[in-house]
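Peer 1: Kindly generate the corresponding structure for this input.
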Amino acid sequence: MDDNFNPNEEELNVQNEVESKDSKEQKSTKGKKSGRTFGTVVSEYKNEFLKISWSSKEKLIKQTITVVTVSLIVGVIIVGMDLGWSTIFNTLFSIFS
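Peer 2: Numbers count the residues shown, from 1 in each chain. I've put the predicted structure just below:
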């Protein structure tokens, strides 16, 4: 079986048509404005932000405290394990060297 891909003439024609269509679309929209003004864009963003369900201040504070607490606990565990393993390996190295 040949691993090289050799497209037939029909596949090449389809590919050329797609590329030609894409380049025509790019040329037709080149230099034209989209019709949206700055005010329209700002209004659309404002409407999207209104759809967001924001957490309450109390919930946000509780979640922040939880994340900080868990991060500190994990950090203390990692430091403890690092110091423990360092002590064990330093003791073993001093015994056998």
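
Peer 1: ok, longest helix in this structure?
Peer 2: Assignment by DSSP state H gives helix 57-96 as the longest helix of the chain.

Peer 1: What mean pLDDT does it get?
Peer 2: Taken as a whole, helix 57-96 carries a mean pLDDT of 96.

Peer 1: quick one, what contacts F96?
Peer 2: Counting by Cβ atoms under 8 Å, 6 or more residues apart in numbering, F96 touches no other residue. The way it works is simple: take the backbone N, C-alpha and C, and place the C-beta from them, glycine included.

Peer 1: hmm, back to that, how about the longest helix of the chain, which residues are buried there?
Peer 2: Residues of helix 57-96 include none that count as buried (16 or more other Cβ atoms under 10 Å).

Peer 1: Renumber starting at 512 from here on
Peer 2: OK, 512 is where the count begins now, so the last one is helix 568-607.

Peer 1: For K557, which residues are in contact?
Peer 2: K557 touches nothing, counting by Cβ under 8 Å, 6+ apart.

Peer 1: measure it to G546 for me?
Peer 2: 19 Å (Cβ to Cβ, to the nearest Å).

Peer 1: got it, and I572?
Peer 2: 44 Å.

Peer 1: again, but for W565
Peer 2: 32 Å.

Peer 1: likewise V579?
Peer 2: 48 Å.
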